[in-house]
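J.: take a look and give me a structure for this.
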Amino acid sequence: MRTKSGAAQSQPRRLFVALWPPRALQSRLWRSLEPLRAELPRVRWVPPERYHLTLRFLGDVPARAVAAVVRACDALVSVRAFRVRLAGAGAFPPRGRPRIYWVGVEAESLTGLRKRLDGALAAEGFPRERKRFAAHLTIGRAGRERSRSRPSDPPRPAAALARFRGVRHGDFALRAVHLVQSELRPSGPVYTSIHAVSLAPPAAP
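T.: Residues are numbered from 1 along each chain as shown. A predicted model of the protein is given here:
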């Protein structure tokens, strides 16, 4: 993920609020998932430097409204830092042909963080998100489909994913929340952090 200042732009900006694991954990997760990539070679796997957890997707935001999003993010400054664990693997939808492959995210404080953000965005005039928040880290997306399976095809995704049930990939201290701009390119999206909010220090033990 790149970083740059939030200079004003005339065009709408495709934005989301995200949590970013440290590079060392991104690399560790990539190595941990190597057997899954080998079993499901037709999946379009997300490269490790793009691993992130989307706290709230906003889509195309008019340039005049970006400052309001920044103010909403700044409302998180009083939230205390907490630890986040990455574990397991699964797919959306849970039944039928998978479209999105993910790694689970475990953190007791995550739902509260999302609610605080939703409230701050609503106060700035943004509509509330209707979809239920399901914390996850996207690791891949469905590739091209075949009309019929062949004996040489890799195992079904459910069987491959089941091998990662209960596997812990690692954890990290969440100390900042990022407002990210996504630029869609033929080679894949480019993510740029245009604003970061540092969380409050964790409570003393």
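
J.: and stretch 171-188, end to end?
T.: End-to-end distance for stretch 171-188, by Cα to Cα, to the nearest Å: 27 Å.

J.: buried ones in that stretch?
T.: Phe172, Leu174, Arg175, Val177, His178, Leu179, Val180, Gln181, Ser182 (16 or more other Cβ atoms under 10 Å). Heads up, the C-betas are built off the backbone N, CA and C, glycines and all.

J.: where's the fourth one, which helix or strand?
T.: In other words, Val177. Element membership of Val177, judged by DSSP states H and E, is strand 176-183.

J.: by contact count, what packs against that strand?
T.: strand 13-19, helix 66-74, strand 190-198 (3 or more Cβ pairs under 8 Å, 6 or more residues apart in numbering; DSSP states H and E).

J.: ok now the second one, how far from the chain's centre?
T.: Translated: helix 66-74. How far helix 66-74 lies from its chain's middle: 19 Å, per Cα atoms, centre = their mean, to the nearest Å.

J.: numbering from 765 from now on, please.
T.: Okay, residue one is now 765; in that scheme the one you just asked about reads as helix 830-838.

J.: who's in contact with that helix?
T.: By Cβ atoms under 8 Å, 6 or more residues apart in numbering, the list of residues contacting helix 830-838 from outside reads 770, 772-773, 777, 779, 781, 822, 825, 881, 884-885, 887-890, 941, 943, 958-959, 961.

J.: so which residue is dead centre in this protein?
T.: Centroid-nearest residue in the chain, with Cα atoms, centre = their mean: Leu817, separated by 2.3 Å.

J.: tally of neighbours for the nearest residue to that residue once chain neighbours are set aside?
T.: Distance criterion Cβ to Cβ, 6 or more residues apart in numbering; nearest residue to Leu817, sequence neighbours excluded, is Leu783 at 4.3 Å. A count of neighbours around Leu783, defined by other Cβ atoms under 10 Å, yields 21.

J.: correct me if wrong: Leu783 contacts Ala937.
T.: No - counting by Cβ atoms under 8 Å, Leu783 does not reach Ala937; the two are 11.1 Å apart.

J.: average pLDDT across the longest helix anywhere in the chain?
T.: Assignment by DSSP state H gives helix 874-887 as the longest helix of the chain. The pLDDT scores in helix 874-887 average 97.

J.: C-alpha coordinates for it, CSV please?
T.: The C-alpha trace of helix 874-887 is given here as CSV (Å, rounded to 0.1, in the frame of the first residue of the first chain):
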residue,chain,number,x,y,z
LEU,A,874,-13.6,-5.1,15.9
THR,A,875,-17.4,-4.9,15.9
GLY,A,876,-17.3,-1.9,18.3
LEU,A,877,-14.8,-0.1,16.0
ARG,A,878,-17.1,-0.7,13.0
LYS,A,879,-20.1,0.7,14.9
ARG,A,880,-18.1,3.8,15.9
LEU,A,881,-17.2,4.4,12.3
ASP,A,882,-20.7,3.8,11.1
GLY,A,883,-22.0,6.3,13.6
ALA,A,884,-19.4,8.9,12.6
LEU,A,885,-20.2,8.5,8.9
ALA,A,886,-23.9,8.8,9.6
ALA,A,887,-23.3,12.0,11.5
